[in-house]
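>>> curious how this folds, go ahead:
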Amino acid sequence: MELVYLWVEEYKNIKEQGFNFSPRFECTYENNELTIVEKKEDEYIKDFFGTNINITAIVGRNGSGKSSLFELLIETIHTFFKDFLKEKEKFNDIFKKKKVFIIFYSKKNNELLIINSITKKKPLLKIFISLKYKDEISDLKSIEETLFFLHYDYSCTKFRPYENNKSVSSSNPYSLINEYTLYEKSSLFQLLPKKTGMNNDNILGNDNYDKLVIMEVLYSKNKFIDTIYFTPEEITLEKNLNSRDGRFKNLRESVSRSDNALSYMKMMVYAELINLVATYSNKELIDFLQKIPKEYDEHFINKKDYFLELFKRSPQYIDKVKLLYDYLECLDSRDKEVNQLFLFQGEDNKPMYLKVNKKHVDQNSIDFFTKMPSQLFDIQILDKGGKSYNDLSNGEKSALRIRSYIESILHNNEKQHFFILLDEPANDMHPEWQKKLLSYLVETFKNRTQTIHFIFTSHSPFIISDLPKENVIFLKDGKIDKGLHQQTFGANIHTLLSDSFFMEDGLMGEFAKGKITEIKKFYEKVIKEKKTDENIEFYDKHQKKFWQIQKIIGEPFLQRVIGNYLDELELIFSDDNTLIQKELDEIEERKNYLLKLKEESHNDRN
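Model (predicted):
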């Protein structure tokens, strides 16, 4: 199932615009006439990203309509497949407001599916479907059963949670849920990856959340597919209490006497309960500690009401107490399973930790991790060499996070066609990883049995340079920007940056852009006018400063291009003797460099 075209008559800041998502078809809608042209094979590259992958990028500055287009894509398609098949009236009502139609292509049936809400006589009411599907609602239902939508937003580095603590149920509570929930403010249907034991508030605050998704993928497949930089192999739990237990002698002694995972984990819960009291009131802490006997278990088991009464005026403490006692109950009710799942590692003069026994990890045991308050333990994910997930760069973590979310969705859903919407996925990545991201995703997911259509929004020319221009939607002020943009695929990053479309988008500071643009404009002026007296005078005055600016440009590609500009200017403005002398100087410099290498090589052999 391939998304081909979306027409928007009016939605927020987008009015009367058509968006092509397939390089195979060229669709236009003018004067109430829809034209669909299937390109010849020599006019596009078939299966450019692989037989199962298509990629579209939506680019534009803030306010250009990228977010509106994303919202509309999710809401419109979701509305059709979720609501039209159930309630035709509801579908018509929603489509009236959106004023859109959308076209899919089915490879299986080799047919176009046109979902149309616009007609001349009865605008926004009648639904037209291509002949293949006209009287076959069952086929539409089968299509719905094979489609899945996923939305990733870099701003919270995970799928957006929905608002107002709305309840969501799932047939498989240990997996990312297959359900859309409506944002009240944005009217955007999005996914919430929800785990047993986690409420909607503590997902964003849980430092272990991303690791839980990686773990789910790791253990569901028993082996994480090798990546180019990190292959998760081992899981450990390390104490995350900043040695708070060391402040209390009895607790410290109890922890040191722990000889199994269950007792050690319970001690960590007790330590956190004591810490809550300490944070709340020093006086209460002193009274509480004086009453604690050496046998911690007996003292804490029946103290839940005490804590709830103590913190009755502080809801944030109440929630933490309930979470901690829920976890205690989980541990006590499955004590044998705990000691099988977690291998206690306690050695002299070394920090205690728990090693996860992979033989006993399955979907039923994942809730030991998801219910675990994140302040107790830090989940460590290690590769074969002992490198930790925590040691990865932000770009590496982002790439692995995106990949793991998608892997989890593919594994937990028997769908065939996936639309993956990635909202600015490279924003928190170093340029080095921005260059790798698209290739990484293609290499990871190509040759899968499912078809995947990645739809990006992005400001990054590093991502755009991996895409043919036909796969890029340029947006400006809610409209398709039909300017003569550079061919994007394989383009030098500076070539893209020099395109006014990207320069306007503020990819660098205004001051830096002004200095660099000054060099570029002078170069273009000289190419056009040659050696005028005015240009010669300007060059003599600014030559040194231009080279100084070139040397401090931080983006390597841009630095190299500006250097090429200045080299060419030097050729234009220098006389023959100066050029000859410069070449001789460069030869001498090269000679000295080679002599130095020869000398170093000789010393190494001796």
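>>> for the strand or helix carrying Leu276, output the C-alpha coordinates as CSV.
Secondary-structure element containing Leu276, defined by DSSP states H and E: helix 261-280. Extracted C-alpha coordinates of helix 261-280, given in CSV (Å, rounded to 0.1, in the frame of the first residue of the first chain):
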residue,chain,number,x,y,z
ALA,A,261,18.3,-10.5,44.3
LEU,A,262,14.9,-10.3,46.1
SER,A,263,16.3,-9.1,49.5
TYR,A,264,18.6,-6.6,47.7
MET,A,265,15.8,-5.1,45.6
LYS,A,266,13.5,-4.8,48.7
MET,A,267,16.3,-3.0,50.5
MET,A,268,16.5,-0.5,47.7
VAL,A,269,12.8,0.2,48.0
TYR,A,270,13.1,0.7,51.8
ALA,A,271,16.0,3.1,51.2
GLU,A,272,13.9,5.2,48.8
LEU,A,273,11.0,5.3,51.4
ILE,A,274,13.4,6.6,54.0
ASN,A,275,14.7,9.1,51.5
LEU,A,276,11.2,10.4,50.9
VAL,A,277,10.8,11.0,54.6
ALA,A,278,14.2,12.8,54.8
THR,A,279,13.2,15.0,51.9
TYR,A,280,9.9,15.8,53.4
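>>> where exactly do the strands run in the stretch 351-500 of the chain?
Ranges of strands within the stretch 351-500 of the chain are 353-356, 377-382, 417-423, 451-458, 472-476, 479-480, based on DSSP state E, counting those that start in this stretch.
>>> you'd agree Val356 is up against Phe342?
Yes - taking CB atoms under 8 Å as the definition, Val356 is a contact partner of Phe342 at 6.4 Å. All C-beta atoms are positioned from the backbone trio N, CA, C, and that covers glycine.
>>> need the overlap of contacts for these two.
With CB atoms under 8 Å, 6 or more residues apart in numbering applied, the overlap between the contact sets of Val356 and Phe342 consists of Leu237.
>>> what residues are up against Phe489?
465-469.
>>> er, Phe369 I mean
Residues in contact with Phe369 (CB under 8 Å, 6+ apart) are 208, 212, 215, 379.
>>> the third one - that's part of a helix, no?
Yes - using DSSP: H, G, I helix; E, B strand; the rest coil, the assignment for Met215 is a helix.
>>> from memory it sits against Phe368, does it?
No - the pair formed by Met215 and Phe368 falls short of the contact definition of CB under 8 Å, at 10.8 Å.
>>> okay, buried residues for stretch 401-416 please.
Neighbour-count burial for stretch 401-416 flags 401-410, 412-413, 415-416 (criterion: 16 or more other CB atoms under 10 Å).
>>> the helix holding Leu276 to strand 377-382, inter-axis angle?
130 degrees (axes from the mean of the first three to the mean of the last three CA atoms, to 10 degrees).
>>> name the helices or strands packed onto helix 261-280?
helix 249-256, helix 282-291, helix 296-301, helix 304-310, helix 315-333, helix 335-341, strand 342-345, strand 353-356 (3 or more CB pairs under 8 Å, 6 or more residues apart in numbering; DSSP states H and E).
>>> buried ones in it, by neighbour count?
Within helix 261-280, the residues that count as buried by 16+ other CB under 10 Å are 261-278.
>>> averaged pLDDT, it. What do you get?
For helix 261-280, the per-residue pLDDT values average out at 83.
>>> circling back to that earlier point, pick out the most distant pair among the contacts of Phe369.
Asn208 and Met215 (9.2 Å; CB to CB).
>>> what touches both of the two?
Common neighbours of Asn208 and Met215 are listed as 369, 379 (criterion: CB under 8 Å, 6+ apart).
>>> contacts only, for the residue nearest to Tyr539 when sequence neighbours are not counted.
Leaving aside its sequence neighbours, Tyr539 sits nearest to Phe573 (CB to CB, 6 or more residues apart in numbering; 5.0 Å). Applying CB under 8 Å, 6+ apart to Phe573 gives the contacts 531, 535-536, 539-540, 543.
>>> switch the cut-off to 7 Å
When contacts are counted by CB atoms under 7 Å, 6 or more residues apart in numbering, Phe573 is found next to 531, 536, 539.
>>> so for the spatially closest residue to the second one that is not a sequence neighbour, what's the pLDDT?
If you skip the residues right next to it in sequence, Ile536 has Phe573 as its closest partner in space, 6.4 Å away by CB to CB, 6+ apart. The confidence metric pLDDT takes the value 83 at Phe573.
>>> swap in Ile318?
Value for Ile318, per-residue pLDDT: 87.
>>> can you give me the neighbour number for the closest residue to it other than its chain neighbours?
With sequence-adjacent residues excluded and distances taken as CB to CB, 6+ apart, Ile318 is closest to Phe311, at 5.2 Å. Residues within reach of Phe311, counting by other CB atoms under 10 Å, total 20.
>>> gap between Leu310 and Val321?
Using CB to CB, to the nearest Å, one obtains 9 Å as the distance from Leu310 to Val321.
>>> and stretch 468-488, which residues are buried?
Neighbour counts over stretch 468-488 (16+ other CB under 10 Å) mark 470-476, 478-480, 485-486, 488 as buried.
>>> with stretch 312-321 instead?
Buried positions in stretch 312-321, judged by neighbour count with 16+ other CB under 10 Å: 317, 320-321.
>>> Tyr5: which of those is nearest?
Using CB to CB as the measure, the one of those that approaches Tyr5 most closely is Lys320, at 50.9 Å.
>>> from Gln434, how far off is the residue nearest to Lys436 when sequence neighbours are not counted?
Using CB to CB, 6+ apart and skipping the chain neighbours, the partner closest in space to Lys436 is Ala399 (7.3 Å). Separation of Ala399 from Gln434 (CB to CB): 10 Å.
>>> re the thing from before, hmm, Tyr440 and the residue nearest to Lys436 touching each other?
Yes - between Ala399 and Tyr440 there is a contact under CB atoms under 7 Å: 5.6 Å.
>>> more neighbours: those two, which one.
Ala399 (25 against 18).
>>> residues contacting that one?
Under the criterion of CB under 7 Å, 6+ apart, the neighbours of Ala399 are 433, 437, 440.
>>> coming back round to it: export the contacts of Phe573 to JSON lines and append columns for secondary structure, neighbour count and distance to Tyr523.
Compiled in JSON lines, the contacts of Phe573 are given as follows (DSSP: H, G, I helix; E, B strand; the rest coil; neighbours: other CB atoms under 10 Å; distance: CB to CB, whole Å):
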{"residue": "Lys531", "secondary structure": "coil", "neighbour count": "11", "distance to Tyr523": "13"}
{"residue": "Ile536", "secondary structure": "helix", "neighbour count": "13", "distance to Tyr523": "14"}
{"residue": "Tyr539", "secondary structure": "helix", "neighbour count": "18", "distance to Tyr523": "10"}
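>>> let me know the closest of these to Gly65.
Checking these against Gly65 by CB to CB gives Tyr539 as the nearest, at 42.8 Å.
>>> with Asp362 as the reference, measure out to the closest one.
Distance, Tyr539 to Asp362, using CB to CB: 72 Å.
>>> what does Leu69 give?
The value you get for Leu69 to Asp362, if CB to CB is used, is 41 Å.
>>> between the contacts of Ala399, which sits nearest Leu594?
For the contacts of Ala399, the minimum distance to Leu594 (CB to CB) is 35.8 Å, reached by Trp433.
>>> pLDDT at the residue nearest to that closest one when sequence neighbours are not counted, what is it?
Distance criterion CB to CB, 6+ apart; nearest residue to Trp433, sequence neighbours excluded, is Gly395 at 2.9 Å. On the pLDDT scale, Gly395 is placed at 81.
>>> Ser365 now?
The model's pLDDT for Ser365 equals 77.
>>> next up, the contacts around the residue nearest to it when sequence neighbours are not counted.
Leaving out its chain neighbours, the residue that sits closest to Ser365 by CB to CB, 6+ apart is Leu341, at 5.5 Å. When the contact criterion is CB under 7 Å, 6+ apart, the partners of Leu341 are 356-357, 360-361, 365, 368.
>>> buried ones only from those, please, as a ChimeraX command.
Entered in ChimeraX, the line below selects the buried ones among these, by 16+ other CB under 10 Å:
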select :356,361,365,368
